[in-house]
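Asker: Predicted structure and sequence below. I'll ask about it afterward.
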Protein chains: 2
Amino acid sequence: MRISARADYAVRAAAELAAADHDVPVRAEALATAQGIPYRFLEGILSDLRRDGLVTSQRGAGGGYRLGQPAERVTIADVIRAVDGPLVFVRGKRPSDLEYQGPAAPLLQVWVALRANVRTVLEQVTLADLVTDGLPTEIRDLVRADDAWANA
Amino acid sequence: MRISARADYAVRAAAELAAADHDVPVRAEALATAQGIPYRFLEGILSDLRRDGLVTSQRGAGGGYRLGQPAERVTIADVIRAVDGPLVFVRGKRPSDLEYQGPAAPLLQVWVALRANVRTVLEQVTLADLVTDGLPTEIRDLVRADDAWANA
DNA sequence: AGAGTATCCTATCAATCCGATAGGAACCAA
DNA sequence: TTGGTTCCTATCGGATTGATAGGATACTCT
């Protein structure tokens, strides 16, 4: 269960765009230096985000990138799906495409439940939540529970 | 967020062992054919499980593998960690080792919340739950919620 | 028109991981 | 001693990952 560098970079770049003034485009290099992301690598990521309409771009002098939708309506799941495809997949397949035999049969439901729980986090947090540091209370509760777990 | 083939195979083999009579060892090849797993590949996986004490092995004629602990006490998270390491990591690092700048700062909490929610699923389901098809009600609720989502 | 700027496209690259395979050594039971 | 089975090490092709490079395309401003 790993979050790829692409996904991590994409969310951070999107957060940077959400925090910027929407009237002026931000250059890819400005995003790269602000978040410590390799410039050329980020270009490919922004291309993915543009394909899904999450950002818009403008070429030429004074050009750059802007958020394509209101920050309140873009979730982290949207960003990750744009660069990495489906949120959760098992052995390269979607859970619904799997078949299990014998005592492993109920495992399919476990993967489905896992995906559901992943979605409750990633589809609930928006870019606006990030830039205003206003995460939903459900998320904050999960973080607190985890801290308690780590110190036990 | 992908579940590797190693993890999937490991859980299925462990489930097969949990379903078997604990008195007689099961050969790796029997596990492989029962679950459709490449035999040689499975051997390496079983070696990982043995290192963590999840299975015990016996060489020679009449040998094979047995569960190293009661099926009620082995969670899916235990199995996955044995073959893949930490459950959730971002860009190859644990969330606690990450540092985010500017508007991306709250992202760290999102990853922590995500990990917490992953744990609630994978640390709750045991091998015994799988073989008896007796998943916890919390898991069943998540599956139902996901079905509703898929049909919407 | 032209100069400058920035995205955009394609190609490449090394490293790593992944899934899978092979040979043979170690070990065990009968 | 014989046959069965785990166990160790090494290798392999292919895909993915993270990153880099060159140059084509498009836009703005002078």
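Answerer: Happy to help now that I have it. Note that the structure is predicted; figures quoted are calculated from it, not measured. Residues are numbered from 1 along each chain as shown, chains lettered A, B, ... in the order given.
Asker: Please determine how far the residue of chain A found nearest DNA strand D is located from residue B:100.
Answerer: Here the residue of chain A nearest DNA strand D is residue A:60; by Cβ to the nearest atom of the strand that distance is 2.3 Å. C-beta here means a position set from N, CA and C on the backbone, and glycine is covered the same way. As for residue A:60, its distance to residue B:100 is 31 Å (criterion: Cβ to Cβ, to the nearest Å).
Asker: next one: residue A:97
Answerer: According to Cβ to Cβ, residue A:97 stands 35 Å off from residue B:100.
Asker: now residue A:70
Answerer: Plainly put, residue A:70 is 23 Å away from residue B:100 if you go by Cβ to Cβ.
Asker: So if I had to pick from these two, which one is more boxed in?
Answerer: Looking at residue A:70 and residue B:100 with other Cβ atoms under 10 Å in any protein chain shown, you find the greater number of neighbours at residue B:100, namely 19 against 12.
Asker: ok, now how distant is that one from residue B:106?
Answerer: From residue B:100 over to residue B:106 (counting by Cβ to Cβ), the distance is 8 Å.
Asker: same deal with residue A:89?
Answerer: From residue A:89 over to residue B:106 (counting by Cβ to Cβ), the distance is 27 Å.
Asker: how about the closest residue to residue A:74 other than its chain neighbours, what does it touch?
Answerer: In space, and not counting its chain neighbours, residue A:74 is closest to residue A:127: 4.8 Å by Cβ to Cβ, 6 or more residues apart in numbering or on different chains. Residue A:127 makes contacts with A:14, A:15, A:17, A:18, A:67, A:71, A:72, A:74, A:75, A:76, A:79, as judged by Cβ atoms under 8 Å, 6 or more residues apart in numbering or on different chains.
Asker: ok, 7 Å please
Answerer: Taking Cβ atoms under 7 Å, 6 or more residues apart in numbering or on different chains as the definition of contact, the neighbours of residue A:127 are A:14, A:15, A:18, A:71, A:74.
Asker: Do you have the helices of chain A handy? List them.
Answerer: Along chain A, the stretches classed as helices by DSSP state H are A:5-19, A:28-35, A:39-51, A:76-84, A:107-122, A:127-131, A:137-150.
Asker: Columns distance to residue B:132 and mean pLDDT on top of those helices, output as TSV?
Answerer: As requested, the helices of chain A are exported to TSV (distance: least, Cβ to Cβ, whole Å; pLDDT from 0 to 100):
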stretch	distance to residue B:132	mean pLDDT
helix A:5-19	37	94
helix A:28-35	48	92
helix A:39-51	44	93
helix A:76-84	34	94
helix A:107-122	13	93
helix A:127-131	41	96
helix A:137-150	27	85
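Asker: can you list the ones you listed in JSON lines and add distance to residue B:4?
Answerer: What follows is these, written out as JSON lines (distance: least, Cβ to Cβ, whole Å):
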{"stretch": "helix A:5-19", "distance to residue B:4": "17"}
{"stretch": "helix A:28-35", "distance to residue B:4": "28"}
{"stretch": "helix A:39-51", "distance to residue B:4": "23"}
{"stretch": "helix A:76-84", "distance to residue B:4": "15"}
{"stretch": "helix A:107-122", "distance to residue B:4": "13"}
{"stretch": "helix A:127-131", "distance to residue B:4": "29"}
{"stretch": "helix A:137-150", "distance to residue B:4": "23"}
